[in-house]
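A.B. asks: predicted structure and sequence below. I'll ask about it afterward.
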Amino acid sequence: MKVMLLAAGEGRRMRPLTETIPKPLMRVGGETLIGRWLNIFSKSGFYEFVINTWYLEKEVIDSLGDGSRWGVSIEYSKEPYLLETGGGIKYALPLLGTDPFIVVSSDVVSDFKPCMFPTELGDALAHLILVENAPHHPEGDFSLEENRKVGNGLHRLTYSGIGIFSPNLFREAPGAKFKLRLPLDKAIFDRRVTGQKHDGFWMDIGTKERYEILLNRGIG
């Protein structure tokens, strides 16, 4: 199974830190944010990666290269302009192939392990890893219902930025820029999205303040 690491965003809320360094290359515990995920997945037997780029694209590609440092291969999906998460994934489908694939936002840090994923999607079009709502996102995103079905019920959890997706999820999606929520909401309505809750460590490094909190935790 291929892994797509999302790395195209501008990281505006982390400026001025991201004015010359793309957010995926910010360092934590001696490794870059995106490098941590390359380590985690390569140690679990995943060797084929697709990384989307746009903001400070050259810096990302020069830093990661072909992936040989981690014993993996990396292909780059170079976006013509920032396509948002949904559009970025659809644009990368020619590199991702016809089988389900993993997507991880490179600016999240977690102790989630690939072995925690289900072994297959079955009839689902996506499987989402959900976490407790953080203070900056108290309303959450989705509910987790019976039989691991993801819904839009009252008790909501936060989408972690980690999931497995079928290419078919994007079959009817727009051809350019769109949010991942667009095809997900349709699939949820059709009862074709599953999920699970991760109770371990998770943090979205979306602001300079959260990045500083992470550094102060001494994450290794």
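C.D. replies: Received the coordinates, thanks. Bear in mind the structure is a predicted one, so any value in this text is a computation, not a measurement.
A.B. asks: this protein: helices as residue ranges?
C.D. replies: For the chain, the helices defined by DSSP state H cover 33-43, 57-64, 84-91, 93-96, 181-189, 208-217.
A.B. asks: tell me what the longest strand along the chain is packed against?
C.D. replies: When the chain is parsed with DSSP state E, its longest strand is strand 156-165. In terms of contacts (3 or more C-beta pairs under 8 Å, 6 or more residues apart in numbering; DSSP states H and E), strand 156-165 is packed against strand 101-105, strand 108-110, strand 126-131, strand 142-144. C-betas here are computed from N, CA, C, even on glycine.
A.B. asks: and of those strands, who's closest to P118?
C.D. replies: Proximity to P118 (C-beta to C-beta) singles out strand 126-131 among the helices and strands packed on strand 156-165, at 6.0 Å.
A.B. asks: neighbouring strands - and their directions - for the closest one?
C.D. replies: strand 156-165 (antiparallel), strand 193-197 (parallel) (DSSP bridges).
A.B. asks: dump these to TSV, plus mean neighbour count.
C.D. replies: Shown next, in TSV, are the strands paired with strand 126-131 (neighbours: other C-beta atoms under 10 Å):
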stretch	mean neighbour count
strand 156-165	21
strand 193-197	20
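A.B. asks: closest one to L83 among those strands?
C.D. replies: Nearest of the strands paired with strand 126-131 (C-beta to C-beta): strand 156-165, 15.4 Å.
A.B. asks: dump the C-alpha coordinates for the longest strand of the chain into PDB.
C.D. replies: Taking C-alpha atoms only, strand 156-165 is exported to PDB below (Å, rounded to 0.1, in the frame of the first residue of the first chain):
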ATOM      1  CA  ARG A 156     -18.100  14.400  17.600                       C
ATOM      2  CA  LEU A 157     -14.400  13.600  17.400                       C
ATOM      3  CA  THR A 158     -11.700  15.200  15.400                       C
ATOM      4  CA  TYR A 159     -10.300  13.800  12.200                       C
ATOM      5  CA  SER A 160      -6.600  13.300  12.900                       C
ATOM      6  CA  GLY A 161      -5.300  13.800   9.400                       C
ATOM      7  CA  ILE A 162      -4.600  10.100   9.100                       C
ATOM      8  CA  GLY A 163      -6.700   7.700   7.100                       C
ATOM      9  CA  ILE A 164      -7.000   5.100   4.300                       C
ATOM     10  CA  PHE A 165      -8.800   6.100   1.100                       C
END
